[in-house]
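Asks: Need coordinates for the below:
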Amino acid sequence: MMAGHSTLWVDDPHLSYLIAGNLVNAVGDPDLQRIRRHIMDILDQLDCHNDQMEIIRAGGCAEGFRMRGTDVDQMHVDKRTKVVAEVPRNLGTDMAVVRLLKTSDVPPGYVKLAVQTPHTPVAHIRESTHRVGGGYYLSSEEFVRWFHKLNPNGVLHGPCVMERHEQGPDHDRAFCLEFKEWPVYANEWVERKRSYGWPSRGLIEKIKSQGCHLMAIGSKKLTENFISNDLENNKWIQDPFQWRLSFSLAEKQLIYSFNNTQFLTYGIFKLLNQEVFSQDSIVSDCICSYFLKSALFWTIEETPSDYWKPERLVFCVDICFQRLLEWTRNGICPNFFIRENNMFMGKVEEWQLEYTSWKLFELYSEGWRCLLRCHSVIHFKKALEDARNKIRPNSFPTSNPEEDFKCLRSSVRDRTQVEGNVDAVLFSEILSRRPKSPSLDLLELELRNSLKLEVQRRVDTFDLEILRLRRFQTLRQLALIYLNMSLTKHTTRKKYTYIRKAFCYLHLSRFSDICKGNLTLATAYYCLGRFDSALKYIKKYDDILKEDLGYIHTHLRHGVVYQTPMYCSNFCGRGLSSLDKMSLAVSYDFEVHRPLPLIPNEIALEIVMMRKTESSLFILPGLYSVFLKILCYTNKSNLKMVEELSMKLKEFLHCSKKEDIYMNYIMLAVAFVKLGNYDKALQYYCLAHVHKRRLVMCNRGCPEWQTRTSVLFYIAQMLQSLMPI
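Replies: Numbers count the residues shown, from 1 in each chain. Okay, the predicted model is just below:
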């Protein structure tokens, strides 16, 4: 089948622009994804790798995607194990050495590793080594299990250990080895004749110089007692001594070279995979995101660059879809780097491929409208339906219902909107990489790396702003650690040294946003009993909001970014730096870390009750600002202000999201305890508990509810912590 033969895949420029515009929210703007990748690459340089393990980002997030369900993959590269093609003369004593072996029983794309140092001091290599025949071999199964033992709460699947995260997506950690040379088994990719110049010669040489990695997973085959009509009980078995060649770094470089149309095409197939293919269990077993990526690589390499233009997006999706159909029909899915490696082998059976081919053809037969099956484009689908209903025999611009898309206009963004979107990406991405368990040594090392990078390298203005914005976040975390340390020091001199250092960092980081900096500083002053100083910094936050110039707010709980309509008109197109914008118009949720709890005692139980040490509590800044003022005015014996502010707390109930309501009720309960109205306080605590339980029933992974306490005990503890003795 050739592209263009199906009239349902309309190669129309207007339709291509229309689809691209309607997919921006679901897939992402390619230009913004490029900026997001660049920010992540800069932050990677601040990571503190040691001589034993290097961490490399991979997967959809590393490629720039932030679609719902996008995976966060990390390759943990063992630096104490040297992979060689030939045995070196000097094996050394402090490292492990393994040699690549390719035997007749190993399929393309896989190797075995002969251990040259079976008695190495490297524990995970020594304990994963087995004597087979006359030699020692490294077991991929034992290798990944060894790392799984270090994190027994993780879920072992394939070569990865998956860690579930309360905030954000789960993380897949793949423990692997590095081969610094290009494997001879992939030389065909380097020498391949390419008619259309992609990838370029320079990119090929760069990829070749990076070598590859070895993933701890072997090839699979069906059990020997395979019965073709007993599909339920057939099982794939894995060779425990095989390792898969991985070209993740090469794939990342290839995707970085994509133009906008190529990136959007990739995003469309990822969206189809997540929202359409996944609805059928057999299809989802056969088709994975990596196969779709491979289909795109092959298609770009074998087609002219003129195909990959914005006005031909529909055509590009068409030809990639056809390749996918051809693969499932023929039962061959060639790896892009080792074409002899049929990736369907060891993953799917013939009957599954036949079924998948039929289902994909059904989908393809719908033409470009198959994209409307994705629930992320439901508004586009509704707009098309409305346009079709208005088409009449003599209507303009079309009288053909099949051309309903011609009645819709593609959106055009002005320069201020583009700048506003870039700002939203920058300010949200700066906080996307946070240490799970921040330590003083880790943060101080990141701070030194940041300063070293700024001083020793020539960085452009944008990179400089990335480093400085990130530095503000690091300073705030350091301040929290120093405040925590001041509580554990016995000598008064040492205690106040840490407090002074903490407040110095808090004052510096206050300009990194309009709320977290001011409210963190206000909380610190409140906890020290300096209520006037606390009110001073709360007022700085309130004054900015009163100006009503607009802002960008990042909900840290879900990673959702919200931009008010006034932001672009007041802060974009005016030559302001990112640092200026951040100090005037950037807002985040107020976050309290379980290990470093800077929070008033009145609601500290919310943190104490969290079972997991890495948990965080998120509070809307406007809500927390009012509550903190209530506490300050209570201590200043201004109960009239407490009453007025309590009414404001009530108003938040009407605009709070369901995950924030329970905290609103707790704050109201505290306020009425301060006013001496204990009956009302008890009522609000009961409502808080009810809403908290509802939240947990809808989301079992909810971090706010990590307790075994009963309803009455929970409320009694709350009241006991607040009532005067």
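Asks: So, low pLDDT: which residues of the stretch 51-200 of the chain?
Replies: 66-72, 164-170 (pLDDT under 70).
Asks: likewise the stretch 551-700 of the chain?
Replies: 611, 697-700.
Asks: all strands of it, in order?
Replies: 552-555, 560-563, 586-588, 590-593, 616-619 (DSSP state E, counting those that start in this stretch).
Asks: Give me the buried positions along the second one.
Replies: Translated: strand 560-563. Residues 561, 563 are the ones in strand 560-563 that count as buried (16 or more other C-beta atoms under 10 Å). Heads up, the C-betas are built off the backbone N, CA and C, glycines and all.
Asks: Can you list the strands that that strand pairs with?
Replies: Using DSSP bridges, strand 560-563 pairs in its sheet with strand 552-555 (antiparallel).
Asks: what does the partner strand contact?
Replies: 420, 423-424, 427-428, 431, 560-564, 567, 585-589, 618 (C-beta atoms under 8 Å, 6 or more residues apart in numbering).
Asks: among the residues you listed, which ones are buried?
Replies: 420, 423-424, 427-428, 431, 561, 563, 567, 585-589, 618.
Asks: Taking these, tell me the two that lie furthest apart.
Replies: Farthest pair in those (C-beta to C-beta) is G420 and F618. Separation: 24.1 Å.
Asks: which element follows the helix or strand hosting Y498 toward the C-terminus?
Replies: Secondary structure from DSSP states H and E places Y498 in helix 492-509. Going down the chain from helix 492-509, the next helix or strand is helix 516-527, by DSSP H and E.
Asks: Now the very next helix or strand once past that next one: buried residues?
Replies: Beyond helix 516-527 in the direction of the C-terminus, DSSP H and E gives the next helix or strand as helix 531-547. Judged by neighbour count using 16+ other C-beta under 10 Å, the buried positions of helix 531-547 are 531, 533-535, 537-538, 540-542, 544.
Asks: on that earlier part again, for the strands of the stretch 551-700 of the chain, give me TSV that also has distance to T497.
Replies: Shown next, in TSV, are the strands of the stretch 551-700 of the chain (distance: least, C-beta to C-beta, whole Å):
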stretch	distance to T497
strand 552-555	34
strand 560-563	38
strand 586-588	29
strand 590-593	22
strand 616-619	28
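Asks: just so I know, which of those strands lies nearest N389?
Replies: From the strands of the stretch 551-700 of the chain, taking C-beta to C-beta, the stretch that ends up closest is strand 560-563, at 32.7 Å.
Asks: Packing partners of the top strand by length along the chain?
Replies: As assigned by DSSP state E, the longest strand anywhere in the chain is strand 171-179. Packing contacts for strand 171-179, counted by 3 or more C-beta pairs under 8 Å, 6 or more residues apart in numbering; DSSP states H and E, involve strand 72-78, strand 81-84, helix 140-150, strand 160-163, strand 212-215.
Asks: The first one relative to strand 171-179, how many degrees between them?
Replies: Using axes from the mean of the first three to the mean of the last three C-alpha atoms, to 10 degrees, one finds that strand 72-78 and strand 171-179 are set 40 degrees apart in direction.
Asks: Who are the packing partners of strand 72-78?
Replies: strand 53-58, helix 59-62, strand 171-179.
Asks: Same question for the first one: list its buried residues.
Replies: Read it as strand 53-58. 56-58.
Asks: now those as TSV including distance to K657?
Replies: Formatted as TSV, those follow (distance: C-beta to C-beta, whole Å):
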residue	distance to K657
I56	36
R57	31
A58	33
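Asks: still on that earlier bit, kindly indicate which of the buried ones among the contacts of strand 552-555 lies nearest G573.
Replies: The shortest approach to G573 among those belongs to G420, at 9.4 Å (C-beta to C-beta).
Asks: Skipping adjacent residues, who's closest to that closest one in space?
Replies: C568 (4.2 Å; C-beta to C-beta, 6 or more residues apart in numbering).
Asks: okay, now that neighbour: neighbour count?
Replies: C568 has 22 neighbouring residues, counting by other C-beta atoms under 10 Å.
Asks: residues in contact with it?
Replies: Going by C-beta under 8 Å, 6+ apart, C568 touches 416-417, 419-420, 550.
Asks: mind running it again at 7 Å?
Replies: Shown in contact with C568 (C-beta atoms under 7 Å, 6 or more residues apart in numbering): 416-417, 420.
Asks: Could I have the CA atoms of stretch 139-155 written out in CSV?
Replies: Taking Å, rounded to 0.1, in the frame of the first residue of the first chain, the C-alpha atoms of stretch 139-155 are listed here in CSV:
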residue,chain,number,x,y,z
SER,A,139,24.1,-13.8,35.0
SER,A,140,21.8,-10.9,33.9
GLU,A,141,19.0,-12.3,36.2
GLU,A,142,21.2,-12.3,39.3
PHE,A,143,22.7,-8.9,38.4
VAL,A,144,19.3,-7.1,38.5
ARG,A,145,18.1,-9.1,41.5
TRP,A,146,21.1,-7.9,43.4
PHE,A,147,20.1,-4.3,43.0
HIS,A,148,16.5,-5.2,43.7
LYS,A,149,17.6,-6.4,47.1
LEU,A,150,18.8,-2.9,47.9
ASN,A,151,15.3,-1.6,47.2
PRO,A,152,12.9,-4.4,48.2
ASN,A,153,9.9,-2.0,47.9
GLY,A,154,10.6,-1.6,44.2
VAL,A,155,8.8,-3.7,41.6
